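[1] Got a sequence here, can you build the structure:
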Amino acid sequence: MHFPVEKFNLLETPFYYYDTDLLRETLRTISQETGRYSQYHVHYAVKANANPRILSIIREYDLGADCVSGGEIKAVMKAGFPADKIVFAGVGKADWEIKLGLEAGIYCFNVESIPELENIDKLAGEMGKTAPVALRINPNIDAHTHHYITTGLNENKFGISLNHFEKVLDYLPKLSHVHFKGLHFHIGSQIVDMSPFQMLCNRINEIQENLFRRGIVVDVINVGGGLGVDYQTPDQHPVPDFANYFAVFHKYLKLFSQQHLFFELGRAVVCQCGSLITRVLYVKEGENKKFAIVDAGMTDLIRPALYQAHHHIENIVSSRAIESYDVVGPICESSDCFGQNVPLSGTFRGDFIAIRSAGAYGEIMASQYNCRRLPGSHCSDEI
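    You can find the predicted model right below:
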């Protein structure tokens, strides 16, 4: 990735820098690969990044939106996403959020429990509407990712256990203001091995066969997202392997001819186009190591502290010999560390450091802990 360092000198750090050319290349690849399969549709998972400029570019490529809050629904509608391309997931939808979705006429609510079904039915009835719903089913597949981002097991807070699925199906006819139109699945995030997706396809095939025996064929199968990216060497794989990802579902998932297949990709769409740009405040000599103390902190990018996540880090202004540093921020927490023993070109006060692959779950998760200001953002086609 090229960084226009001469322009960075005019900007206040820390800030997120988005390469919109790479974002567009990623979106073109998605469109090209899904275009091979007439039943495939992608909804962008807004939780990854809701920067207004990013949303506006994604909308240009005709993706739908996967939202998990009323605030996200408002954000994508403001960005121009049509309501009939919005799906609304989340284990704890508040009444005002459900009413917002009903009033807007969104495509579908992904529902996660009987109490939620009952509440949506009640609110839809009061508004004189019928709510389209998909049932989120936990397929009990371990995606072998970090335990904070594994979502498809029986005892996750998300979704309906397979053991309870029949009970929910039996209950649905009692609800007169919901329309059952689909099944929703999501097994986790940052999945780079395709075998869990193959397992998901096999499980969905079993579920569909059972539904067919009951005379039920739903309109939509939603397989969520989860496709991972290369955090280690982002320049070697700037665009994820969408061809292989979609091909797995084409090969193993048995769809009826009238069904649509939804994907909810977030990280894979925006992660590699974003970097957190920060300046070195001080280089501190420790007993056995050097610390590069930067002006960005866990308030700006929480993933390393929260998930023990790895990000490739580089000094984008130095061509000096490589040395080893712990790259740390100014927050009064020992967990405020972006990386230990990071190989960087010789680093001094004022140097720009780029923390790569930060376009997903970076800016959107920023906080104001320690009364810090939120990080700014700049796009390559705007500076």
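[2] S319 contacts S345, doesn't it?
    Yes. If you go by C-beta atoms under 8 Å, S319 and S345 touch, sitting 6.1 Å apart. For the C-beta atoms, the positions are set from N, CA and C on the backbone; glycine is no exception.
[3] Of the two, which one has the most company?
    S345 (15 against 7; other C-beta atoms under 10 Å).
[4] okay, the residue nearest to the more buried one when sequence neighbours are not counted: pLDDT?
    Spatial nearest neighbour of S345, excluding adjacent residues (C-beta to C-beta, 6 or more residues apart in numbering): S318 at 3.7 Å. pLDDT recorded at S318 is 97.
[5] Which residue ranges of the stretch 201-350 of the chain form strands?
    If DSSP state E, counting those that start in this stretch is used as the criterion, the strands of the stretch 201-350 of the chain fall at 220-222, 260-265, 274-285, 290-294, 313-315, 322-328, 337-345.
[6] Next, format these as JSON lines and append distance to N49 and mean pLDDT.
    Shown next, in JSON lines, are those (distance: least, C-beta to C-beta, whole Å; pLDDT from 0 to 100):
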{"stretch": "strand 220-222", "distance to N49": "21", "mean pLDDT": "98"}
{"stretch": "strand 260-265", "distance to N49": "12", "mean pLDDT": "98"}
{"stretch": "strand 274-285", "distance to N49": "7", "mean pLDDT": "98"}
{"stretch": "strand 290-294", "distance to N49": "22", "mean pLDDT": "98"}
{"stretch": "strand 313-315", "distance to N49": "20", "mean pLDDT": "98"}
{"stretch": "strand 322-328", "distance to N49": "23", "mean pLDDT": "98"}
{"stretch": "strand 337-345", "distance to N49": "19", "mean pLDDT": "98"}
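[7] Turn these into JSON lines, including distance to R356.
    Formatted as JSON lines, the strands of the stretch 201-350 of the chain follow (distance: least, C-beta to C-beta, whole Å):
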{"stretch": "strand 220-222", "distance to R356": "31"}
{"stretch": "strand 260-265", "distance to R356": "20"}
{"stretch": "strand 274-285", "distance to R356": "5"}
{"stretch": "strand 290-294", "distance to R356": "14"}
{"stretch": "strand 313-315", "distance to R356": "7"}
{"stretch": "strand 322-328", "distance to R356": "12"}
{"stretch": "strand 337-345", "distance to R356": "11"}
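[8] Which among these is found nearest to G359?
    Among these, strand 274-285 comes nearest to G359, with 2.5 Å by C-beta to C-beta.
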